[in-house]
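Q: sharing a model prediction with you, sequence too.
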Amino acid sequence: MNERRCTDTIEHFVVSAKQMAAIEQRMFKAGMPVAALMEKVSGLITEKIMELYPLTVVSKIGVMVGPGHNGGDALVVARELYLKGYEVKLYRPLVKGKELTQAHYDYAISLRIPVSQAIEGLSECEVIIDGLFGFGMTRSLTGDLAAAVGAINHWSIPVISIDLPSGLDTDTGEVLGSAIEADYTFCLGLWKRAFFQDRSLPYLGKVELINFGIPLADVKAVLGEKEVIKTMSESVARSFLPLPRPLVTHKYKQGHLLIIAGSRQYAGGVILTGLGARGSGVGMVSIAAPTSLKSMLVTHLPEAIIMDCAETESVFGRGGIAELPTKAMEWDNYDAIVIGPGLTLEARLILPLVLEATTPLIIDADALNTIAQSDPMTALKSRSETTILTPHPGEFKRLFPQLVTETNDFITRTQIASEQTETTILLKGARSIIAGEGETWVIPESTPALARGGSGDVLAGLLGGLIAQSDRENISAASLTATAAVWHAQTGIIASKVHSDLGVDAFTLTQYLSRWIVSAS
Ligand SMILES: NC(=O)C1=CN([C@@H]2O[C@H](COP(=O)(O)OP(=O)(O)OC[C@H]3O[C@@H](n4cnc5c(N)ncnc54)[C@H](O)[C@@H]3O)[C@@H](O)[C@H]2O)[C@@H](O)CC1
Ligand SMILES: Nc1ncnc2c1ncn2[C@@H]1O[C@H](COP(=O)(O)OP(=O)(O)O)[C@@H](O)[C@H]1O
Ligand SMILES: [K+]
């Protein structure tokens, strides 16, 4: 196994609340004292807080204390900060608590750490620590709890959440009643699923995993083989890139990608897909597009072979592909095919033929919308080669409306859709999710600079080029898809540092694709 490809470390696993509780229980059963673990975890959190807000800069810290062990962690942090010289003030909206939490509370009182009876008592603090609830939160926040969260969100005091912002569902990231909008969240031990659900991002702030030494064996024992979700880190993504080129090679050995895209109505998408493919380093790009786009494509992608296709003449004048030339359908000539960007729903005329291709196929945009109009399961399950779908949430809903009603969890949705269609699915978003062949990957970092027309077209071309270049003997389609998603996201981050979030149009994005490769060396 390529060492850089090792995802068998604590930082890569993503768990649910139920799994986290089971993992902790195994540790406690094996003899780790609960109180000792709480001290260890809270010591690490205290160090982080002191790095962020040294005593020379900040002195007044408010601590919100909940009834469970999240509150216990908060009390240990409060005590340590107090002993270091910070002015600490507690607020504890619920009087009852778990035994260990109560013990820490009693000790804090004995040290004369002040307690405010109302949330307003914390309004003069310079930092607030949110230790109301962690992964044990089961019910919606109401009454004093909801009022406290509302007040904190209203003030402009920085908030640090312990484990996750109180009020967020640990698995789906949904707001249960109301939720803390944190500036920092220190996720304890293992990443929780909520960190990879788009809806929770506005509440998380900057995130960091506090690794407190959970044994890998306990994680594996609880997750088994089937329930593993992993983050695709930059270093692991790099390990899935094509191997360094041999000195003696030629263009067709470096992958041949066929792009089937474009219409008179949507002419630009095919260019962006071609530029995404160019950025992947693929040896050869062929493009099948409506005939009236030919001269434009030659101008923008002089290296590509353009196969012009007869156009449809619908009443709307969309000028879609009416028919594919025979040359385009010599599927064995290609190492991968991308179909979709800008096709319009007239894709229905060619899609059934393309689905029969015995070549890895990436289906995007209007090709997905076209499949959604028929019976997606039947159309996709009949394919013999690798199939990758790259929907954004709107396209996903059109394809799998029932799944969207059945589950609020974006990760579960993607996994079920992949199983049902026997495809690899990339559900695009602020945090994209990939499921295929039993693997699930989440992408830990991206930028809203990518929320821009055409950036998905770039990704489709990049992914197609990557698949075309890979020998795929030991690399799954899901790993390669996640690699392309990391490459795309990191390129967005690099480009936005130069051009700002407003400056990363899809064309500009393509100009930075090779920078991510270079940035590793
Ligand atoms: N045992 C330890 O020392 C460790 C503790 N950790 C901390 O422990 C936390 C989990 O602790 P718990 O399992 O006690 O869970 P929480 O601290 O999240 O709170 C659960 C408690 O709150 C109550 N509750 C849930 N929803 C409520 C609502 N809406 N209104 C009022 N009460 C509500 C529950 O009945 C339960 O008593 C983690 O998030 C983390 O902060 C671990 O991360 C690390 C190890
Ligand atoms: N807020 C965001 N943060 C990070 N990435 C985003 C965000 N919004 C969109 N993206 C990314 O931008 C791309 C948009 O793709 P898509 O919706 O298909 O656009 P288009 O069809 O215009 O090309 C996806 O890769 C998605 O993950
Ligand atoms: K919390």
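A: Happy to help now that I have it. Numbers count the residues shown, from 1 in each chain. Ligands and ions are numbered 1, 2, ... in the order given.
Q: quick check: residues of the stretch 301-450 of the chain near ligand 2?
A: A365, H392, K428, G429, A430, S432, S446, T447, P448, L450 (CB under 6 Å from any ligand atom). All C-beta spots, glycine's among them, are computed from the backbone N, C-alpha and C.
Q: rerun that using 5 Å as the cut-off
A: H392, K428, A430, S432, S446, P448, L450 (CB under 5 Å from any ligand atom).
Q: now those: which count as buried?
A: Among those, those scoring as buried are H392, K428, A430, S432, S446, L450 (criterion: 16 or more other CB atoms under 10 Å).
Q: want to throw the residues you listed into a markdown table with pLDDT and secondary structure?
A: Output for these, formatted as a markdown table (pLDDT from 0 to 100; DSSP: H, G, I helix; E, B strand; the rest coil):
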| residue | pLDDT | secondary structure |
| --- | --- | --- |
| H392 | 98 | coil |
| K428 | 98 | coil |
| A430 | 98 | coil |
| S432 | 98 | coil |
| S446 | 98 | coil |
| L450 | 98 | helix |
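Q: all the strands of the stretch 401-521 of the chain, residue numbers only.
A: 424-427, 433-436, 439-442 (DSSP state E, counting those that start in this stretch).
Q: now tabulate those strands in CSV and tack on mean neighbour count and distance to L324.
A: As requested, those are exported to CSV (neighbours: other CB atoms under 10 Å; distance: least, CB to CB, whole Å):
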stretch, mean neighbour count, distance to L324
strand 424-427, 27, 24
strand 433-436, 28, 27
strand 439-442, 24, 32
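Q: closest one to M38 among the ones you listed?
A: Closest to M38 of those is strand 439-442 (CB to CB; 28.2 Å).
Q: the buried ones among the residues of the stretch 301-450 of the chain next to ligand 2: which two are farthest apart?
A: Maximum distance among these (CB to CB): 13.3 Å, for H392 and S446.
Q: and the residue in the stretch 301-450 of the chain that ligand 1 sits nearest to, how close does it get to ligand 3?
A: Ligand 1 sits closest to N408 of the stretch 301-450 of the chain, with a gap of 18.1 Å, by CB to the nearest ligand atom. Distance, N408 to ligand 3, using CB to the ion, to the nearest Å: 21 Å.
Q: the biggest helix by length in the chain vs ligand 2: in contact?
A: Across the chain, the longest stretch assigned as helix under DSSP state H is helix 477-499. No: using CB under 5 Å from any ligand atom, helix 477-499 stays clear of ligand 2, coming no nearer than 5.7 Å.
Q: elements contacting that helix?
A: Applying 3 or more CB pairs under 8 Å, 6 or more residues apart in numbering; DSSP states H and E, we find helix 477-499 packed against helix 234-239, strand 424-427, strand 433-436, strand 439-442, helix 455-469, helix 506-510, helix 513-518.
Q: now with 6 Å, please.
A: Packing contacts for helix 477-499, counted by 3 or more CB pairs under 6 Å, 6 or more residues apart in numbering; DSSP states H and E, involve strand 424-427, strand 433-436, helix 455-469, helix 513-518.
Q: what's the model's confidence in it, averaged?
A: Taken as a whole, helix 477-499 has an average pLDDT of 98.
Q: list the buried residues in that helix.
A: By neighbour count with 16+ other CB under 10 Å, helix 477-499 contains the buried residues 477-496, 499.
Q: what does stretch 297-313 give?
A: If you call a residue buried by 16+ other CB under 10 Å, then stretch 297-313 has these buried ones: L297, H300, L301, A304, I306, M307, D308, C309, E311, T312.
Q: gap between the helix or strand bottoming out on mean pLDDT in the chain and the chain center?
A: The weakest-scoring helix or strand in the chain, judged by mean pLDDT, DSSP states H and E, is helix 376-381 (a mean of 85). Centroid separation for helix 376-381 versus its chain: 26 Å, with CA atoms, centre = their mean, to the nearest Å.
Q: for that helix, name the packing helices and strands.
A: helix 410-421.
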